[in-house]
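Undergrad: Build me a model:
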Amino acid sequence: MRAVVSLSASTLQYSIAVDSREDFIENLGTMSNMNRPLIPHRRRFLAALAATASLGCLPVPDLGSLSQPDKGQPDNAQRDSKNLLPPQDNTAVPELQARLDRVLDEGYHRRLTVKDNGAWQVLHGILAYRQDCLVESQGKLVPAIDYLLSGGSLTGWNPMKGDTLGANARRGLRFEVEAGTLSGQGHRDQWLAVLSQCGVTLKTPIVFNGTTYEIEDVLNQALWDVPRNLEEEYSWTINGVTAYRPTDFIWPARDGNRWSIEQLVDVETRASLQMAACGGTHRLVGLGKTLMRRRTEGNPITGVWAAADDRVNESLRDVQTFQNGDGSFSSNYFGRRGWSPDLADALRTTGHMLEFLAVVASDAELKTDWVQSAALRLCHILESNRVVDLECGALYHALNGMLVYRQRVFPDKLWVAPTLKNQHPLPSDTNS
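TA: Okay, here's the model as predicted:
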């Protein structure tokens, strides 16, 4: 059941549609300074006025100008201006590349700080910009991954000593779930999943309380602790594990049973999308990535794997079926049609769903007009709110989707993070 929660931000009043507890937490975070990257020279009052003005209309992405928003269209209205749509011959328009690059640059200039943000926000920044993500510490911009793994202190980054594991009797390293804190890990194995997509190897060191562990110690503890996942939410687990282990991997866990990737995939495939975080997009991304890994291995897509493939393909069709006339995706994700006048809601839903498409859709599908119109709409939302503080979860999932989409659609010249003023290598002492 959807609930509508009314919130107040200084002079700005607005309503947010909430599909799940996690969505409520993400949206509630728009009211918390910790949950937003800082914008240099931000003008809160003018930003609030601009946001208020934009809530009542439905601007259509325009490749030529950002200054003339459309008066608004009803849900699923037809787009009648041929100049607003990319071509339908599976080719990408150069103007789209330029807009994506500009939006990615502007997102990169938003500031994450050790003082004002927590691990939940910084890890979302890492999700989008990976090794290029910077965090401000002691007045300097330093690589966020290096800062954390070298023992840097950050609210919500709380590794703890785990069990003695394996033939080598190494200590595992555990990250507990701290759902609802808006600073700590929100889902089981979320930090492992984020780090695994950033080129972090199993032998990469991670410092905790002066002791040096390895990322493999985090992985082994996560495998051992699978029975502790009482929520049976394995989206991030399969994401992180299959980055380092094959899809036919089987292991012993703390309950004395042997577990497998296939078993987790089966649970995820059968689970509800509507009851999952962010409309089930994370669940589908996990399944999609695991299926891609399995195909790369040359393993058959049968049984459990075929069912997972069907679930992903069905969801791909639903994304297009429920797309709105302005290019945004449904505010009800994969459940039914839906449009929201709240740009924060549009950013959250369209950003998460473009991220799903960017990961699992084919190159040809990503170049179709309906996907490109969604990318243009997302560009417009972020361009229109470049001076507005945005909730980190929605912002960085959108930017991650846009970055993956941009690199796949325009592979000849990849986006490269700009060099920023006050950017420095990691200081020698990150704990002070």
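Undergrad: In the chain, where is pLDDT below threshold?
TA: 1-36, 38-92, 426-432 (pLDDT under 70).
Undergrad: Would you mark the buried spots in stretch 303-317?
TA: Val304, Trp305, Ala307, Ala308, Asp309, Arg311, Val312, Ser315, Leu316 (16 or more other Cβ atoms under 10 Å). In this view, the C-beta of every residue, glycine as well, is placed from N, C-alpha and C.
Undergrad: likewise stretch 130-144?
TA: Arg130, Asp132, Cys133, Leu134, Val135, Glu136, Ser137, Leu141, Val142, Pro143, Ala144.
Undergrad: With adjacent residues omitted, what lies nearest to Asp248?
TA: Among residues not flanking Asp248 along the chain, Asn299 sits closest, at 6.5 Å (Cβ to Cβ, 6 or more residues apart in numbering).
Undergrad: which SSE is the one you found in?
TA: Counting by DSSP states H and E, no helix or strand carries Asn299.
Undergrad: What is the burial count for it?
TA: 13 (other Cβ atoms under 10 Å).
Undergrad: any idea how far it lies from Ser362?
TA: 20 Å (Cβ to Cβ, to the nearest Å).
Undergrad: Could you do Tyr234 as well?
TA: 25 Å.
Undergrad: about what we covered before: wait, what's in contact with the residue nearest to Asp248?
TA: Thr247, Asp248, Trp305 (Cβ atoms under 8 Å, 6 or more residues apart in numbering).
Undergrad: From Glu268, how far off is the last one?
TA: In this structure, Trp305 lies at 12 Å from Glu268, with Cβ to Cβ as the measure.
Undergrad: Which ones among the buried residues of stretch 130-144 map onto strands?
TA: Among the buried residues of stretch 130-144, the ones falling in strands (DSSP state E) are Leu134, Val135, Glu136, Ser137, Leu141, Val142, Pro143.
Undergrad: Out of those residues, which comes closest to Gly327?
TA: Of all those, Leu134 has the smallest distance to Gly327: 30.9 Å, by Cβ to Cβ.
Undergrad: follow-up on the earlier one: would you check how far apart the residue nearest to Asp248 and Glu268 are?
TA: Distance, Asn299 to Glu268, using Cβ to Cβ: 17 Å.
Undergrad: next one: Val135
TA: Look at Val135 and Glu268: by Cβ to Cβ, they are 32 Å apart.
Undergrad: mind checking the SS state of the residue in the chain sticking out farthest from the centre?
TA: Here the chain reaches farthest from its C-alpha mean at Ala167, the gap being 35.9 Å by Cα atoms, centre = their mean. For Ala167, the assignment made with DSSP: H, G, I helix; E, B strand; the rest coil gives coil.
Undergrad: Tell me the spacing between it and Pro205.
TA: For Ala167, the distance to Pro205 equals 21 Å [Cβ to Cβ].
Undergrad: Just the strands from the stretch 301-432 of the chain, written as ranges.
TA: With strands called from DSSP state E, counting those that start in this stretch, the stretch 301-432 of the chain shows none.
Undergrad: doesn't Phe208 make contact with Leu173?
TA: Yes. Assessed by Cβ atoms under 8 Å, Leu173 is found in contact with Phe208 at 6.3 Å.
Undergrad: Tell me which of the two has more neighbours.
TA: With neighbours defined as other Cβ under 10 Å, Leu173 and Phe208 compare such that Leu173 has more, 23 against 17.
Undergrad: Tell me which strands the one helix or strand the more buried one maps to pairs with, and in which orientation.
TA: Assigned by DSSP H and E, Leu173 falls within strand 170-175. According to DSSP bridges, strand 170-175 forms sheet pairs with strand 159-165 (antiparallel).
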